[in-house]
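Asker: what follows is a predicted structure for the sequence shown.
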Amino acid sequence: MIQTYSDKNFRRVNIFVHLFLFIFVAVPAHCKPENPGESLRLAYQQILNLQLINGKNTLFQLSAEDKEQAFFHYLDNLSEIIELLLNENQANYKKYRDNEKARIQKLEELSSDDPYKLYVISEIKLQWAFVKLKFDDALSAGWSIKQAYRLARENMEKFPGFTPNYKTQGTLNLLIGAVPHKYQWLLDLFGLKGSIDEGIQLLSQVEEKNNLFSLEASILKCLAGVYILQDKSLVQSFSEVYATFPDNLLVKFAYAAVSFKSNQSEKALKIIRESEKMAQDYARIHYLDYLKAKILLQKKSYTLAAYYFDRFISGYKGDNNIKDAWFQLFLCYWLNNRQEKARKMYEIAKVEGAPVSTADKYAGRLLKNNEFPHVQIMQIRLATDGGYYDLAEALINSLSASRLDTHKNKTELVYRKARLLHLQGKLPEASQQYRKTIGMTQKEPWYFAPSAALQLGHIYIKQKNYALADKYFQTVLNFRNHPYKQSLDQQARSAIQRLNGLGD
């Protein structure tokens, strides 16, 4: 397949977006919430709990009358979408893709006075757009997103008091707001407008109504807050959702992901282990193997981590995080002083997998440059990221800067000290080390300085020093050619946008 410039733009799906798209399609809306019928409610519950085979069987056994309802077509579509997102099976994609048109034709037969008509059609188009992105059908995906956007706005204008509209509009705002600034022209071309803050506000309106859509709104808000805005306080509020739905695999998946992202890996590991004990009739989420392996690597459980990375690589048939998984497998041996095995994994990682996720791209850069990480600095980084602060502190105390042979390693050690101090709540000391990191980096193409500037911005927001916060967020944008340019700039722009709101 020849990939156009537009194809490459549309295919930029990082880990936040991967999780976000999965969660979005996995918590459906009733088309007749007040009385969907017992069998439809059962199918809904099974699919919502990721019991996909059971859900499909229940749908198959429904009466002819039930199969005429819009809710049936929604659930029938939903079960296929989740399966495709989980497994990325090319044969099933070819098998299912014509079903989108058939379902929309059925839905178009509904009365125009039914607020669910355009609502469900727009969501089905949006869900299929996500799947098309996964399978490199980018131009078709772009057109589907444009149609979904238009239909959602039309339904909002026609039925302004219809609660599901706010959920869809909030979702679209988050997705559009997450697109990197350099591709704004593409959004303008398609006439798509939205922002992360507006998306969160719309979802908050749904969440506060304490209705059928509140769970979905809570999950989406937490993902956006943690992955884009770095607001880790939302993880604590989401713990209440987790306590309310202890047997829901989707909720466990989301809670484990945001806990890991928020430097609470031990909590994430506990949730993953709970998920593994669930019955065999639940869908297999291969990403949980990848997540578990990364946590075990943070804990220095190298042999067990290697086992789960290998299980993810052999079990998952998609592209996301495969290159990074091979690189992480290399780390399992490199950090465990098994250099011969490590170098073998390193060479495999060079040729296996594609630069799909942000992690894949970063691993690809290191592999291309034949960079082998400093063992102790990498161990410090992993332990800090996982929230294993005592381990990280012990590793820092055992390492002297005078023993480091390159300026890059010396700079990274300062940055790692800053990150640990920040996460321990020692803000004055962390700020000092962040500023030192920026000074040491100068014009080098490393991500330590822009990341340090971003964290300084967040510290000054917390201290209500908005002028300095803005200064450091702007500083992030001034750094060029570092490996996390796209994601760090995105976070800085979102923070600047929120600062402008505080000043209104």
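Answerer: Good, I have the coordinates.
Asker: CA atoms for contacts and neighbours, from now on please.
Answerer: OK.
Asker: is it true that K221 touches Q205?
Answerer: No. With contact defined as C-alpha atoms under 8 Å, K221 does not count as touching Q205 (11.2 Å).
Asker: show me which of the two is the more surrounded one.
Answerer: Each of K221 and Q205 has its neighbours counted (other C-alpha atoms under 10 Å); K221 has more, 25 against 16.
Asker: could you say which helix or strand contains the more buried one?
Answerer: helix 214-227 (DSSP states H and E).
Asker: average pLDDT across that helix?
Answerer: Mean pLDDT, computed over helix 214-227, is 80.
Asker: elements contacting that helix?
Answerer: In terms of contacts (3 or more C-alpha pairs under 8 Å, 6 or more residues apart in numbering; DSSP states H and E), helix 214-227 is packed against helix 15-26, helix 163-177, helix 196-208, helix 233-244, helix 249-261.
Asker: buried sites along the very next helix or strand once past the first one?
Answerer: Going back to what we said before, that points to helix 15-26. Downstream of helix 15-26, the next assigned helix or strand under DSSP H and E is helix 38-48. For helix 38-48, a neighbour-count test (16 or more other C-alpha atoms under 10 Å) marks 39-48 as buried.
Asker: what is helix 38-48 packed up against?
Answerer: By 3+ C-alpha pairs under 8 Å, 6+ apart, helix 38-48 packs against helix 52-60, helix 70-87.
Asker: with just CA atoms, put it into CSV.
Answerer: Extracted as CSV, the C-alpha positions of helix 38-48 are listed here (Å, rounded to 0.1, in the frame of the first residue of the first chain):
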residue,chain,number,x,y,z
GLU,A,38,-34.1,-7.9,29.4
SER,A,39,-32.2,-9.6,26.7
LEU,A,40,-30.7,-6.4,25.3
ARG,A,41,-29.7,-5.4,28.8
LEU,A,42,-28.0,-8.7,29.3
ALA,A,43,-26.1,-8.3,26.0
TYR,A,44,-25.1,-4.8,27.0
GLN,A,45,-23.8,-6.0,30.3
GLN,A,46,-21.8,-8.8,28.8
ILE,A,47,-20.2,-6.6,26.1
LEU,A,48,-19.5,-3.8,28.7
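Asker: who's in contact with that helix?
Answerer: Helix 38-48 has contacts (C-alpha atoms under 8 Å, 6 or more residues apart in numbering) with 26-28, 52, 54-56, 58-59, 62, 66, 71-72, 75, 78-79, 248, 250.
Asker: by how many degrees do that helix and helix 249-261 diverge?
Answerer: For helix 38-48 against helix 249-261, the angle by axes from the mean of the first three to the mean of the last three C-alpha atoms, to 10 degrees is 20 degrees.
Asker: distance from helix 38-48 to the middle of the chain?
Answerer: Centroid separation between helix 38-48 and its chain, computed with C-alpha atoms, centre = their mean, to the nearest Å, is 26 Å.
Asker: for K221, give me its contacts.
Answerer: Contact partners of K221, counting by C-alpha under 8 Å, 6+ apart, are 200, 203-204.
Asker: at 6 Å instead, please
Answerer: I200 (C-alpha atoms under 6 Å, 6 or more residues apart in numbering).
Asker: before we move on, back to that, most packed of the helices and strands packed on helix 38-48?
Answerer: Comparing the helices and strands packed on helix 38-48 by mean neighbour count (mean count of other C-alpha atoms under 10 Å), helix 70-87 comes out on top with a mean of 21.
Asker: gap between whichever helix or strand comes after that one and the chain center?
Answerer: Moving toward the C-terminus from helix 70-87, the next helix or strand (DSSP H and E) is helix 90-96. With C-alpha atoms, centre = their mean as the basis, helix 90-96 stands 24 Å off its chain's centre.
Asker: report how many residues lie close to L499.
Answerer: Count around L499 with other C-alpha under 10 Å applied: 16.
Asker: correction: A256
Answerer: When counting by other C-alpha under 10 Å, one arrives at 26 neighbours for A256.
Asker: how about it, nearest residue that isn't a chain neighbour?
Answerer: A268 (4.3 Å; C-alpha to C-alpha, 6 or more residues apart in numbering).
Asker: helix, strand, or coil at N336?
Answerer: Secondary structure state of N336, per DSSP: H, G, I helix; E, B strand; the rest coil, is coil.
Asker: residues in contact with M345?
Answerer: For M345, the contact set (C-alpha under 6 Å, 6+ apart) comprises F330.
Asker: helix or strand for it, which one?
Answerer: M345 belongs to helix 339-351, assigned by DSSP H and E.
Asker: show me which positions of that helix end up buried.
Answerer: For helix 339-351, the neighbour count (16+ other C-alpha under 10 Å) marks 342-343, 345-346, 349-350 as buried.
Asker: next, the angle helix 339-351 makes with the following helix or strand past that helix.
Answerer: Once the chain leaves helix 339-351, the next helix or strand it forms, by DSSP H and E, is helix 358-368. Relative orientation of helix 358-368 versus helix 339-351 (the same axes, to 10 degrees): 110 degrees.
Asker: run through who's touching helix 358-368.
Answerer: Under C-alpha under 6 Å, 6+ apart, the answer for helix 358-368 is 14, 321, 323-324, 350, 355.
Asker: at 8 Å what do you get?
Answerer: Defining contact as C-alpha under 8 Å, 6+ apart, one finds that helix 358-368 is touched by 14-15, 320-324, 327, 346, 349-350, 353-355, 372, 483-484.
Asker: do the same with stretch 294-314
Answerer: 260, 265-266, 269, 286-287, 289-290, 292-293, 322, 325-326, 328-329, 332-333, 335-336, 379, 382-383, 385-386, 388.
Asker: quick one, which of those residues are buried?
Answerer: Among the contacts of stretch 294-314, those buried by neighbour count (16+ other C-alpha under 10 Å) are 260, 265-266, 269, 286-287, 289-290, 292-293, 322, 325-326, 328-329, 332-333, 335, 379, 382-383, 385-386, 388.
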